[in-house]
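Trainee: Predicted model and sequence follow; I will ask about them next.
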Amino acid sequence: MAEKERPTFILDGMYGSLARWLRLLGYDTIFCNDWVDDDILIATEDRILLTRDKELITRAQTRGLKVFNPGSRPIYKMLRRLQEYLGTEFILNPSKSRCSLCNARLAHAQPEEVKDRVPARSFNQFTLYWQCTNKDCRQVYWQGRHWRRIQATLNRI
Ligand SMILES: [Zn+2]
């Protein structure tokens with residue numbers, strides 16, 4: 001699927017962990033923590049709204065917005081339902097990932113650039129790093145244990 005055709009998402013406050021997942025999987029995702037419904041509906045625009053709030057679903061449908069209810073945990077079941085809805089397959093590719101904290105794109109980083117923000121134990125094991133391109137965030141990512149857990153969860157889908 002071409003980058004331009006990738007769907008973008010907006011998630012209501014119940015879906016914090018799903019929002020982090022979608023960002024790591026490379027999807028532009030707004031997470032509406034503590035937003036009122038009116039603001040969520042205005043911000044949805046061309047995005048797919050993910051919510052299980054029945055009233056919000058009805059209001060979105062009335063406005064002709066794209067809305068989907070991915071249900072509840074565990075996360076791999078939510079991702080599986082979403083994958084079926086989209087007709088796509090989620091692939092973890094760190095070069096496409098977005099920052100799980102702020103949704104900005106990631107960029108390759110040299111080990112020396114991030115050394116002071118990576119635990120020494122991990123730094124000795126890994127050589128490939130990515131860094132959030134948002135100057136106010138600069139979160140560092142590497143393919144450590146957390147990354148392997150994500151891959152294991154994707155394999156369950
Ligand atoms: Zn970030």
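Mentor: Alright, I've got the coordinates. Numbers count the residues shown, from 1 in each chain.
Trainee: Residue 65 contacts residue 44, correct?
Mentor: Yes. Using CB atoms under 8 Å, residue 65 is in contact with residue 44, at 5.0 Å. From N, CA and C alone the C-beta is placed, and that goes for glycine too.
Trainee: who's more crowded, these two?
Mentor: residue 44 (22 against 18; other CB atoms under 10 Å).
Trainee: What residues does that one make contact with?
Mentor: For residue 44, the contacting residues are 10, 60, 65-67, by CB atoms under 8 Å, 6 or more residues apart in numbering.
Trainee: Check it and give its pLDDT.
Mentor: Predicted confidence (pLDDT) for residue 44: 98.
Trainee: circling back to that earlier point, closest one to residue 38 out of the contacts of residue 44, please.
Mentor: Distance to residue 38 across the contacts of residue 44 (CB to CB) is lowest for residue 60, with 11.6 Å.
Trainee: Grab the nearest non-local neighbour of the closest one.
Mentor: Sequence neighbours aside, residue 67 is the residue nearest to residue 60 in space, at 4.0 Å (criterion: CB to CB, 6 or more residues apart in numbering).
Trainee: Surely that neighbour is within a strand?
Mentor: Yes. Residue 67 sits within a strand when classified using DSSP: H, G, I helix; E, B strand; the rest coil.
Trainee: Flag every residue of this protein that's near the ion.
Mentor: Within the chain, the positions near the ion by CB under 5 Å from the ion are 99, 101-102, 104, 132, 134, 137, 139.
Trainee: Helix, strand or coil: sort out residue 93 for me.
Mentor: coil.
Trainee: which residues touch it?
Mentor: Counted by CB under 8 Å, 6+ apart, residue 93 has contacts residue 26.
Trainee: Now that we're looking at it, what pLDDT does it have?
Mentor: Model confidence at residue 93 (pLDDT) stands at 91.
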